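Asker: Next come a sequence and a model predicted from it.
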Amino acid sequence: MTTIPRSYDEAIDWVAQRITEWAANPGNIGLDEPTTTAIATQLAIAQGARDSAFQARIDSRDATGVYHDRGDQLIDQARQAVATIRAFAKSSEDPQTVYSAASIPAPATPGPTPAPGRPFDFRTELLFGGGLQVTFDCDNPSRVQGVTYKVERQDQPSGGGQSAFTFLTNAKSREFTDETIPSGSSQVTYRVTAQTSTKDGLANGFAVRFGANNQAVVSGEDGGEELAA
């Protein structure tokens with residue numbers, strides 16, 4: 001175990017707590033006056049250096065705060081200037097000349113908005129009363145906004161045969177509830193398409209089979225190809 005602390009702060013405090021007694025009677029502990037005087041002098045120097053370092057950290061922190069504040073003000077003013085330049089260029093006969101003179105790039109021409117994503121990972125829950133709640137995921141591109149989900153259903157009666165897909169609902173979020181499943185259906189198939197006001201995504205579908213105890217079981221997604229009507 002080290003007697004004298006390893007950190008500078010603790011070592012300074014450790015010596016400061018003992019130097020007065022050491023200097024009062026150095027001979028009683030095997031020291032002499034020149035030694036205790038040298039230690040006291042070095043203690044004062046170390047304490048002064050610590051105070052200077054502490055003040056320097058305070059000054060650095062304050063200076064950094066001022067630097068960040070001035071930098072933020074500069075960025076705000078520069079942004080306002082760029083906005084003014086862009087507005088001026090937009091109203092001029094030759095915008096590119098303005099951008100070249102200002103040494104700033106012209107605004108990029110926005111590309112076409114992509115289609116929304118493809119629904120996947122369908123999950124079902126049979127509700128009390130016979131309704132079926134469906135939740136799913138859909139990874140839409142970041143630029144795609146205002147997505148809704150068109151839900152269609154195809155019925156398969158227990159006696160065989162199947163109907164065409166018919167519109168069920170237009171879900172505003174990644175879930176919907178079907179409370180109109182025909183009585184006696186052995187299986188229903190859903191087709192879900194993500195839509196915006198201008199584009200449709202790739203449809204995906206899944207079948208729900210009603211097994212023992214009328215439990216709803218998702219029997220699989222269609223792999224991404226649109227199900228035939």
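Answerer: Arrived safely. Residues are numbered from 1 along each chain as shown.
Asker: can you give me the helices in the protein?
Answerer: Ranges of helices within the chain are 8-16, 19-24, 33-91, 95-102, based on DSSP state H.
Asker: now for the second one, which elements pack on it?
Answerer: The helices and strands touching helix 19-24, judged by 3 or more Cβ pairs under 8 Å, 6 or more residues apart in numbering; DSSP states H and E, are helix 33-91. Every C-beta, even on glycine, is put in place using the N, C-alpha and C of the backbone.
Asker: where's the helix it packs on relative to the chain centroid, distance-wise?
Answerer: Between the centre of helix 33-91 and the centre of its chain there are 31 Å (Cα atoms, centre = their mean, to the nearest Å).
Asker: Show me what it is packed against.
Answerer: helix 8-16, helix 19-24, helix 95-102.
Asker: Contact partners for Ile12?
Answerer: Neighbour list for Ile12: Leu43, Ala46, Gln47, Arg50 [criterion: Cβ atoms under 8 Å, 6 or more residues apart in numbering].
Asker: Now the last one: closest residue in space that isn't a chain neighbour?
Answerer: Read that as Arg50. Spatially, and ignoring its direct neighbours in sequence, Arg50 is nearest to Ile12 (6.2 Å; Cβ to Cβ, 6 or more residues apart in numbering).
Asker: about what we covered before: mind putting the helices of the chain into JSON lines with distance to Thr177 and mean pLDDT?
Answerer: Formatted as JSON lines, the helices of the chain follow (distance: least, Cβ to Cβ, whole Å; pLDDT from 0 to 100):
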{"stretch": "helix 8-16", "distance to Thr177": "66", "mean pLDDT": "94"}
{"stretch": "helix 19-24", "distance to Thr177": "81", "mean pLDDT": "94"}
{"stretch": "helix 33-91", "distance to Thr177": "47", "mean pLDDT": "94"}
{"stretch": "helix 95-102", "distance to Thr177": "52", "mean pLDDT": "93"}
